[in-house]
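>>> Give me coordinates for this.
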Amino acid sequence: MNILVTGGAGYIGTHTCVALLEAGYSVIVADNLSNSNIQALDKIKEIAQKELIFYQVDVTDEKSVDKIFTNHEIDGVIHFAGLKAVGESVEKPLAYYHNNIVSTMILVRACQNYKVKRFVFSSSATVYGDNNVPFKENMSLLPTTNPYGETKAMSERILTDTVKATPGFSVALLRYFNPVGAHESGLIGEAPNGIPNNLMPYVTQVAKGKLEKLKVFGNDYRTIDGTGVRDYIHVLDLAEGHVAALNNLIEGTHIYNLGTGRGTSVLELVKAFEEANGIEVPYEIVERRTGDIASCYADASKAKRELGWTAKRDIIAMCRDAWRFEKNYKEFVETV
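Okay, here's the model as predicted:
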């Protein structure tokens with residue numbers, strides 16, 4: 001089966017491409033490389049020992065997307081491509097609404113035109129907003145804390161309505177939490193362009209000395225130590241969740257949380273990183289960041305029940321694998 005992976009050169013996309021190739025799927029990647037590196041595609045092939053097809057395109061460009069569907073018999077789509085920083089979405093809402101929603105609409109239209117029946121959507125726990133934890137799939141959505149969450153909720157509605165209007169169409173909406181870590185080979189991991197928006201790559205870059213200290217956004221939340229609590233999930237567990245969703249996809253709309261079901265505070269993660277790697281991570285407390293909430297963690301029992309999937313790797317493994325990649329990535333960049 002040919003699976004089109006949009007944003008496949010990115011952090012979650014690369015790990016999912018490896019998991020797909022190892023599961024026997026053929027992979028076609030579409031990525032504009034705005035927040036990724038084309039060299040990561042070579043690393044995918046090195047890990048999986050298999051080839052893939054790559055198109056450097058922006059999936060908001062309908063003609064480019066149509067060309068891919070014309071050139072290949074696509075059996076399913078996994079849609080990662082999108083802008084993803086909560087804070088940036090507050091500053092640049094129009095860019096987020098255009099990129100994230102238009103890309104979804106164009107891909108769904110292509111699926112209809114070319115009779116593609118399987119669609120796995122990279123959604124986010126952000127759609128729950130400031131709900132009571134743990135978050136469950138049947139909760140009302142409250143994504144109004146930031147435009148990023150709104151784009152995910154709106155894309156979910158677009159896909160849900162399309163399912164209702166398209167007999168045989170199958171959609172999995174995967175609401176995942178905070179992916180961290182890297183492939184155990186150290187060849188692929190999270191390597192954002194510029195200053196990281198996510199916690200773990202910021203921690204690893206501070207540990208490496210590239211950044212002076214970690215900024216912790218607020219310590220006055222109603223949590224165990226005042227810092228934000230999140231459900232950190234190893235990116236390999238997340239990738240395996242996508243394969244499980246694709247393997248079990250049947251007609252209709254199916255929503256799954258992909259998380260560990262456990263909350264970890266920012267300072268707890270920093271401590272775990274120091275423990276796992278024997279490295280001190282200096283930090284400072286700064287003001288809260290617009291759009292953030294106090295606690296966010298999953299009830300992931302539905303994915304276990306229906307997909308046979310659970311997160312297997314713990315926070316120490318996440319920290320150890322993230323640091324291994326950071327060290328390897330530094331060496332890789334210096335030699336190219």
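>>> Tell me where the stretch 1-150 of the chain has helices.
For the stretch 1-150 of the chain, helices defined by DSSP state H, counting those that start in this stretch occupy the ranges 11-22, 39-48, 62-71, 86-91, 93-96, 102-113, 147-165.
>>> same check, this time on the stretch 201-336 of the chain
Along the stretch 201-336 of the chain, the stretches classed as helices by DSSP H, counting those that start in this stretch are 235-247, 266-277, 301-307, 315-335.
>>> Would you mind putting those helices into TSV with mean neighbour count, mean pLDDT and distance to residue 7 alongside?
Bear in mind the C-beta positions are built from the backbone N, C-alpha and C, glycine included. Formatted as TSV, the helices of the stretch 201-336 of the chain follow (neighbours: other CB atoms under 10 Å; pLDDT from 0 to 100; distance: least, CB to CB, whole Å):
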stretch	mean neighbour count	mean pLDDT	distance to residue 7
helix 235-247	23	98	12
helix 266-277	20	98	25
helix 301-307	17	98	21
helix 315-335	18	81	19
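>>> Nearest to residue 126, out of the helices of the stretch 1-150 of the chain?
Of all these, helix 147-165 sits nearest to residue 126, with 3.6 Å by CB to CB.
>>> Now render the helices of the stretch 201-336 of the chain as CSV, adding distance to residue 130.
Formatted as CSV, these follow (distance: least, CB to CB, whole Å):
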stretch, distance to residue 130
helix 235-247, 23
helix 266-277, 17
helix 301-307, 22
helix 315-335, 24
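>>> what's the closest of these to residue 37?
helix 315-335 (9.2 Å).
>>> angle of the closest one against helix 39-48?
120 degrees (axes from the mean of the first three to the mean of the last three CA atoms, to 10 degrees).
>>> For helix 315-335, C-alpha coordinates in CSV please.
What follows is helix 315-335, C-alpha atoms only, in CSV (Å, rounded to 0.1, in the frame of the first residue of the first chain):
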residue,chain,number,x,y,z
ILE,A,315,10.5,9.5,30.6
ILE,A,316,14.1,8.4,31.3
ALA,A,317,14.2,6.7,27.9
MET,A,318,12.7,9.9,26.3
CYS,A,319,15.5,12.0,27.8
ARG,A,320,18.3,9.6,27.1
ASP,A,321,17.2,9.2,23.4
ALA,A,322,16.7,13.0,22.9
TRP,A,323,20.3,13.7,24.2
ARG,A,324,21.8,10.9,22.1
PHE,A,325,20.3,12.5,19.0
GLU,A,326,21.4,16.0,20.0
LYS,A,327,25.0,14.8,20.3
ASN,A,328,24.9,12.9,17.0
TYR,A,329,23.1,15.8,15.2
LYS,A,330,25.9,18.2,16.2
GLU,A,331,28.5,15.9,14.7
PHE,A,332,26.4,15.3,11.6
VAL,A,333,25.9,19.1,11.0
GLU,A,334,29.7,19.8,11.4
THR,A,335,30.7,17.2,8.8
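>>> got the contact list for that helix?
Helix 315-335 has contacts (CB atoms under 8 Å, 6 or more residues apart in numbering) with 39, 180-184, 186-191, 200-201, 203-205, 207-208, 232, 234, 264, 268-269, 272-273, 275-277, 279.
>>> Give the PyMOL command for selecting the buried subset of these.
Here is the PyMOL command that picks out the buried ones among those, judged by 16 or more other CB atoms under 10 Å:
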select buried, resi 180+181+182+183+186+187+188+189+190+191+200+201+203+204+205+207+232+234+264+268+269+272+273+276+277
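>>> Which ones among the contacts of helix 315-335 lie within strands?
Using DSSP state E, the members of the contacts of helix 315-335 that fall in strands are 180, 232, 234, 264.
>>> is the last one in a bridge, and if so with what?
Taking DSSP bridges as the rule, residue 264 bridges to residue 230.
>>> Tell me how far it lies from residue 178.
9 Å (CB to CB, to the nearest Å).
>>> got a markdown table for the ones in strands among the contacts of helix 315-335, with pLDDT and distance to residue 310 too?
Converted to a markdown table, the ones in strands among the contacts of helix 315-335 look like this (pLDDT from 0 to 100; distance: CB to CB, whole Å):
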| residue | pLDDT | distance to residue 310 |
| --- | --- | --- |
| 180 | 97 | 17 |
| 232 | 98 | 15 |
| 234 | 98 | 12 |
| 264 | 98 | 17 |
